[in-house]
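1. any chance you can model this:
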Amino acid sequence: MSVRVGILGATGAVGQRLIQLLDPHPQFEIAALTASESSAGRSYSDAAKWRVNTPIPADVADITVSATDPDEVDNDVDLIFSSLPSSVGEQVEPEFVEDGYVVSSNSSNSRLAEDVPLVIPEVNHDHLDLIEVQRDERGWDGALIKNPNCSTITMVPTLAQLDQFGLERAYVSTLQAVSGAGYDGVTSMEIIDNVLPHIGGEEEKMETESRKLLGEFDGAELSWHDVDVTASCNRVATLDGHLENVFASLREDAAPEDVEAAFRDAPTIDLHSAPDELIKVFEDPSRPQPRLDRNVAGGQGVATGPVQETSDGVQYDCLAHNTIRGAAGASVLNGELLVEEGYL
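-> The predicted structure is shown next:
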């Protein structure tokens, strides 16, 4: 079965990464691309300043870009991937859903809405059934599903495995790659020979999205996890790959080797883009490193270093590719889950 897909915000950094991941996908066929009014009506190769490290796929280059309006998109599209700025997504995504489209979105708007699934397939795929609540409450024929922030998605798979030891609190300090801000997000004069110790809104996203992702869904209502998350987010001069230092407080005593075993036993899911091993544990204390390890499992995995014992829990570092597992790849995984669960 071939699923025809569209990409909203196709000329941006995440949109380009979506094209790179979707063009060779055995299940999805790119059928529509949208962008701003200034790009509408032009071929994709003319409209996009292509910056991904592989060529524009030949069958995508000649697609005519549409305006980001449901009336302008081919209604034969089965699934929409959204990489819109949140200020645009907040207005436009509901219009597509009201028109009957199913939207797998990377945009930050509505992630915390009570009836919008915020999903990492290996962690909380059951939250997808919030779609039924969403459709009942909003009268939508389509559906809206979100993947979390790129820094949140790096840490939460590890926190989910710590929950068996009584996860109470997590402190995290991030070292986030410049690609997380988009191509024009951080100037060279800001970041070269420098670290930016503040990323607007990022800390709040980590502190709230984590609790929603780790929550329990009873079929009607989602109860957030009571873990207390405190984040400090920093931009550093790496291109891709968010590295995070995590300190977790646990109710139970947990030996480092037990925690590492729990990481290695993290559940996987039978989806095309899902890694065979969700969390790779390095024994070398100098790993993981962004340049060496961001592409673990094709960029869809999470890497950790050795676990250290602390006075009330454990400390470890974790890393993921922020534009693959942390953005475009996460949306693709959610799209695959939507197909698998029959929501198209």
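2. just the helices from the stretch 1-150 of the chain, written as ranges.
-> 13-22, 44-47, 58-61, 86-98, 121-124, 130-138, 150-162 (DSSP state H, counting those that start in this stretch).
3. how many other residues sit next to the closest residue to V97 other than its chain neighbours?
-> Distances taken as C-beta to C-beta, 6 or more residues apart in numbering place G142 nearest to V97, at 4.0 Å, with adjacent residues excluded. Backbone N, C-alpha and C define where each C-beta goes, glycine included. Neighbourhood size, G142 [other C-beta atoms under 10 Å]: 23.
4. next up, the contacts around G142.
-> With contacts defined as C-beta atoms under 8 Å, 6 or more residues apart in numbering, the neighbours of G142 are 96-103.
5. try H225
-> Under the criterion of C-beta under 8 Å, 6+ apart, the neighbours of H225 are 163, 167, 210-216.
6. save those as JSON lines, and put in neighbour count and distance to V52 too.
-> Conversion of the contacts of H225 to JSON lines gives the following (neighbours: other C-beta atoms under 10 Å; distance: C-beta to C-beta, whole Å):
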{"residue": "D163", "neighbour count": "13", "distance to V52": "36"}
{"residue": "L167", "neighbour count": "23", "distance to V52": "37"}
{"residue": "S210", "neighbour count": "27", "distance to V52": "29"}
{"residue": "R211", "neighbour count": "19", "distance to V52": "33"}
{"residue": "K212", "neighbour count": "24", "distance to V52": "31"}
{"residue": "L213", "neighbour count": "25", "distance to V52": "28"}
{"residue": "L214", "neighbour count": "21", "distance to V52": "32"}
{"residue": "G215", "neighbour count": "17", "distance to V52": "35"}
{"residue": "E216", "neighbour count": "12", "distance to V52": "38"}
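7. between the residues you listed, which sits nearest P148?
-> L213 (6.2 Å; C-beta to C-beta).
8. nearest residue to the closest one other than its sequence neighbours?
-> Nearest non-adjacent residue to L213, counting by C-beta to C-beta, 6+ apart: V156, 5.0 Å away.
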